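Asks: pasting the structure only:
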């Protein structure tokens, strides 16, 4: 299929270091749209040299940020949020060209990013320290929050505006400086985002953008002793590499999930299917909290499956700028290959493909994957064991609550889950016993708001720490305790 849409003439000026765009003449890499294969621009392919310059700038920026009052930092975040809203249309269009999601989803993501900076401003403005009581007479103890210094931020391609916002807004609100490395496949919209944020009068060096290819830039950043903390969203394998390289430094790592969505026999099945389909197909399934595996009671399996097929049939696969489109392409060839590999493995282990299961033949050389529903999934298949990250809804059937809980927890991931039931006591049991950081009751596994704590359960591979609101601001702050001797001599 030939696209009838033409991208703007995008140009990236280089990296953003110390308050200005720096074109060092380094090797470039092409930026191609997953929407239709259009060449969008050339991007810098930066490495250790550029990271070194950004860290030097960030050290100076951290000193300037530390001198700002909390009110000044709140005002900075407010200005950035206002700038994002002012540039919403252009940034959303760039996001759709670069990432591939439908324009309506891009506009919602950019609006959420603006809200994230506004929220950070309000939360840090009213954050309070503590006065502690002591057992010793004549002592006064006061704990206050202080910046950590230079924070490294490495972000993925699935939400390339909102995920950076979660870290950057909190880091700046807490008074830190940032060196940000976005995913190579969505670095164009990252550069556009940086252009917009730079209009908010950010202190020079407080926010630096390095566009890198491969792991070189990230390795240089995470291992540098000038770094005072690292934030990363991505795969468990990369997260483990970063954790080892940054050992001893504060870390916020969000490393993905694998459901589950659990549907009990007393649930509203139509509502459950609608919510599960939303979780499976939003952003073409490229969501860490997606409906990666759907566990249902056997007695309602067939009815629920028919409802899921009806939901999948309503998906309109197409170009992100077509107003009829409800699902765009996968972002890159690697994720398309992984989705295909997981489905192939599932079928080899006995799975039945009821719809989809392949790249759309209408879009040559692009990664439009048909919405897919499968049943008869082996518990040993990659569809059940691993994070597929595509528009795939695998349905597994089990007999009772005990088995459902056991299967829900028999997984390396523990990020987000959902349970559908009309029984309060059953809901409370699943909330108590399912090992995930978030569990939604009678709503999609992807439901979240930016101020709600978000992160994985201990003992799983879904990460360390909590994203969301004041939790992130606190994680990127040092607690300093002053003990005053008030006894008069």
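Replies: Sure, I can see it. Please read all numbers here as calculations on a predicted model, not as lab measurements.
Asks: go ahead and flag the most central residue of this protein.
Replies: The centre of the chain sits closest to residue 163, judged by CA atoms, centre = their mean, with a distance of 4.5 Å.
Asks: now it: which helix or strand?
Replies: Element membership for residue 163 (DSSP states H and E) is helix 162-173.
Asks: dihedrals phi and psi, residue 385?
Replies: For residue 385, the backbone dihedrals (degrees, to the nearest 10) come out as phi -90, psi -30.
Asks: tell me the confidence at it?
Replies: Per-residue confidence (pLDDT) for residue 385: 97.
Asks: what about it, neighbour count?
Replies: By the criterion of other CB atoms under 10 Å, residue 385 has 18 neighbours. Yep, even glycine has a C-beta here, placed from its N, CA and C like the rest.
Asks: tell me what the strand or helix carrying residue 404 is packed against?
Replies: If you go by DSSP H and E, residue 404 is part of helix 401-409. Using 3 or more CB pairs under 8 Å, 6 or more residues apart in numbering; DSSP states H and E, the elements in contact with helix 401-409 are strand 294-297, strand 392-398, helix 424-433.
Asks: in this structure the residue nearest to the centre of the chain contacts residue 153, no?
Replies: No: shown here, residue 163 and residue 153 do not form a contact pair, counting by CB atoms under 8 Å, at 9.2 Å.
Asks: now stretch 123-130: buried residues?
Replies: 123, 124, 127 (16 or more other CB atoms under 10 Å).
Asks: where's the spatially closest residue to residue 353 that is not a sequence neighbour relative to residue 328, distance?
Replies: The shortest distance from residue 353 to any residue other than its chain neighbours is 5.5 Å, reached at residue 374 (CB to CB, 6 or more residues apart in numbering). Residue 374 is 22 Å from residue 328, where distance means CB to CB, to the nearest Å.
Asks: can you check residue 427 too?
Replies: Taken as CB to CB, the span from residue 427 to residue 328 is 34 Å.
Asks: ditto for residue 31
Replies: Where residue 328 is concerned, residue 31 sits at a distance of 17 Å (CB to CB).
Asks: look at those two and report which has more neighbours.
Replies: Higher neighbour count among residue 31 and residue 328: residue 328, with 28 against 23, using other CB under 10 Å.
Asks: residue contacts, the more buried one?
Replies: 34-35, 96, 100-102, 105, 284, 317-320, 368 (CB atoms under 8 Å, 6 or more residues apart in numbering).
Asks: inside helices: which ones of the residues you listed?
Replies: Among the contacts of residue 328, DSSP state H puts 96, 105 in helices.
Asks: turn the contacts of residue 328 into TSV, including neighbour count and distance to residue 25.
Replies: Converted to TSV, those look like this (neighbours: other CB atoms under 10 Å; distance: CB to CB, whole Å):
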residue	neighbour count	distance to residue 25
34	29	28
35	29	30
96	28	30
100	31	30
101	28	33
102	25	37
105	23	36
284	33	36
317	21	41
318	22	39
319	23	35
320	27	33
368	25	37
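Asks: what's the closest of the contacts of residue 328 to residue 4?
Replies: residue 319 (8.0 Å; CB to CB).
Asks: where does that closest one fall, phi/psi-wise?
Replies: Main-chain torsions, residue 319, degrees, to the nearest 10: phi -60, psi 140.
Asks: try residue 477
Replies: Phi and psi for residue 477, reported as degrees, to the nearest 10, are phi -120, psi 150.
Asks: next: residue 210.
Replies: Dihedral pair for residue 210: phi -120, psi 120, per degrees, to the nearest 10.
Asks: looks like it contacts residue 46 (just checking).
Replies: Yes: using CB under 8 Å, residue 210 is in contact with residue 46, at 5.2 Å.
Asks: common neighbours of those two, please.
Replies: 15, 217.
Asks: A strand includes residue 226, no?
Replies: No: applying DSSP: H, G, I helix; E, B strand; the rest coil, one finds residue 226 to be coil, outside a strand.
Asks: that one against residue 177, yeah?
Replies: No: shown here, residue 226 and residue 177 do not form a contact pair, counting by CB under 8 Å, at 10.4 Å.
Asks: residue contacts, residue 132?
Replies: Contacts for residue 132 (CB under 8 Å, 6+ apart) come out as 141, 142, 143, 481.
Asks: check whether residue 52 really touches residue 220, as I assumed.
Replies: Yes: under the criterion of CB under 8 Å, residue 52 makes contact with residue 220 at 7.1 Å.
Asks: low-confidence stretches in the chain?
Replies: Residues of the chain meeting the criterion pLDDT under 70: 1-2, 26, 489.
Asks: domain map for this structure?
Replies: Annotated domains of the chain cover 15-255+466-478, 261-449 [automatic domain parsing].
Asks: which one of these lies nearest to residue 4?
Replies: Residue 4 sits nearest to domain 261-449 of all the domains of the chain, at 8.0 Å, using CB to CB.
Asks: now for residue 450, how many residues are close by?
Replies: Using other CB under 10 Å, residue 450 is surrounded by 19 other residues.
Asks: what about the residue nearest to residue 233 when sequence neighbours are not counted, how many neighbours?
Replies: Excluding the flanking residues, the one nearest residue 233 by CB to CB, 6+ apart is residue 254, at 4.4 Å. Neighbour count of residue 254, defined by other CB under 10 Å: 27.
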